[in-house]
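Chemist: 3D model of this:
(one chain, ligands or ions: 1)
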Amino acid sequence: MADVEALCNELSEQVKALRGGSEAARRRATAAARRIITEISDPEEMIEQQSIVLAEMACIRMYIAWGFFDKIPAEGSVSYAELASSINASESLVRRMGQMLVATGMLKRPQPDHVALSRLAPTFKTDTFDGCHFTMMTDEFQPAYQAFPGFFEKYGAQVPEGETKVPFCFPDGVDGKLTYWELIAKRGEGNVDRFGRAMQGLQTHAWPYTGIYDFSWIAEYAQTNSERPLLLDIGGGQGQMIRAVLEETPAIPRNRCYLQDRPEVIGPVKESSANDPVMKDVQKLVVNFHKEQPVKGMYTKNKIRYACALVYLIRRCIHDYTDEDSVKVLTILANALPADEPRARVLINDQINTEDPTPFVAAYDLLMLTIASMERSEKQFADLAARAGLEVVKVHMKEGTMCGVVECKKAGV
Ligand SMILES: C[S@@+](CC[C@H](N)C(=O)[O-])C[C@H]1O[C@@H](n2cnc3c(N)ncnc32)[C@H](O)[C@@H]1O
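Modeler: All right, here's what the predicted structure looks like:
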């Protein structure tokens, strides 16, 4: 029990720091609290807890599907009968799921037959980024995990390799036929959009946009060079990272920034950003990052030919690929880097794995396994970079998170 006492002291210290508003302290406090629960639970209690989590997730999923987190008022409560009648459902069904959520504290029961939101519940309102992340997990990755026994029976107990023979594609029977991205697209526009929104979830702690790498030097650079493209976000999704950088450093000229992604992503972004003050001038290009990078090559200034661009950012894409494919993608970027600009960079923004990963990094490493990829350590990124003709300048981290930016330059420059 000595460990438990030490953990309790750690919890108590972090709770004190938490009162000062520290996000890192909150994470250290919840990590200590979880460890305490693990240390003091008996095995039976652990199994009970796992059953509870599964049931809770199923009920949250249905309450989201029925829009109940929107229908329960911010103040006060609503009756199960009202919720049920709003979707023509049986009150008993709605109540049984509701009582599960009340039992875990996700909802509250301020009076008999009524439910109210807890502090955490609004996160599941329709189309919130975190809510989309949750439904992406339940609808797309949970089936992939459930497919593990069948998948490993068919392909052998090996780390999956290749783009199509992956657990993610197994439940749909398209393993060996479609890639992860093709399956997401095949599931329809709504699914592509949900994925794009899910990618914007968990942005406070797991994947913060800012506070890791300081992009402000790009604004200073822009004043000394009026032509070079400045910032390219490769596989940038709905433009969330570029937006965050431009909001943080408005002096970076927007029309010299590029968002690149697949056609089914860029098409809707072009439409939705037409009147968006931050994103409307950002160049949006359909680019397959497995093929040659189009924003590279040469431009002319004072009759001199220069190569471009300045910064190639690739965020949470390398972790989607095997080492072989990652090296190919990074080589394309390394080759696009201008030889005449020593400050030019490739920035790889991903979680940084360690010998002892946090539970979330370990979970995401497993998630990546369902598409034959992984979360990588500093050493693994350095190896990829070297094989791609890059050299790591520095790994930037933000205190309290495992999200990092691996800053690379062209090797030997
Ligand atoms: C995990 S998401 C990351 C999105 C964004 N960079 C972020 O961190 O929020 C990977 C992105 O890569 C895009 N993508 C996948 N394959 C691609 C390809 N071959 N060429 C360009 N983009 C691709 C996906 O559409 C998706 O937006």
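
Chemist: how about stretch 168-179: buried residues?
Modeler: Within stretch 168-179, the residues that count as buried by 16 or more other CB atoms under 10 Å are Phe168, Cys169, Phe170, Pro171, Val174, Asp175, Leu178, Thr179. Yep, even glycine has a C-beta here, placed from its N, CA and C like the rest.

Chemist: residues near the closest residue to Asp172 other than its chain neighbours, how many?
Modeler: Of all residues not flanking Asp172 in the chain, Leu183 sits nearest, at 6.3 Å (CB to CB, 6 or more residues apart in numbering). Around Leu183 there are 21 other residues, counting by other CB atoms under 10 Å.

Chemist: isn't there a strand covering Leu183?
Modeler: No - assigned with DSSP: H, G, I helix; E, B strand; the rest coil, Leu183 falls outside any strand and is helix.

Chemist: From Ala65, how far out is it?
Modeler: Separation of Leu183 from Ala65 (CB to CB, to the nearest Å) stands at 21 Å.

Chemist: and this structure, which of its residues are near the ligand?
Modeler: Residues of the chain that fall close to the ligand, judged by CB under 6 Å from any ligand atom: 181, 199, 235-237, 240-241, 261-262, 265, 287-290, 315-317, 320.

Chemist: Make a ChimeraX selection of the buried ones in the residues you listed.
Modeler: Buried residues among the residues of the chain next to the ligand (16+ other CB under 10 Å), as a ChimeraX selection:
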select :181,199,235,236,237,240,241,261,262,265,287,289,315,316,317,320
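
Chemist: mind listing which of the residues of the chain next to the ligand are in strands?
Modeler: In strands, defined here by DSSP state E, the members of the residues of the chain next to the ligand are Asp261, Arg315.

Chemist: Could you list the low-pLDDT ranges of the stretch 1-150 of the chain?
Modeler: The model of the stretch 1-150 of the chain has pLDDT under 70 over residues 1-2.

Chemist: Strands of that one, residue ranges please.
Modeler: 78-79, 107-108, 114-117 (DSSP state E, counting those that start in this stretch).

Chemist: Those strands: which one's closest to Pro160?
Modeler: Proximity to Pro160, assessed across the strands of the stretch 1-150 of the chain by CB to CB, is greatest for strand 107-108 (38.3 Å).

Chemist: Could you list the paired strands of that closest one along with their orientation?
Modeler: The pairing partners recorded for strand 107-108 under DSSP bridges are strand 114-117 (antiparallel).

Chemist: And the pLDDT at the residue positioned nearest the centre of the chain?
Modeler: The centroid of the chain falls nearest to Met199 when counting by CA atoms, centre = their mean (4.4 Å). Note for Met199: predicted pLDDT of 94.
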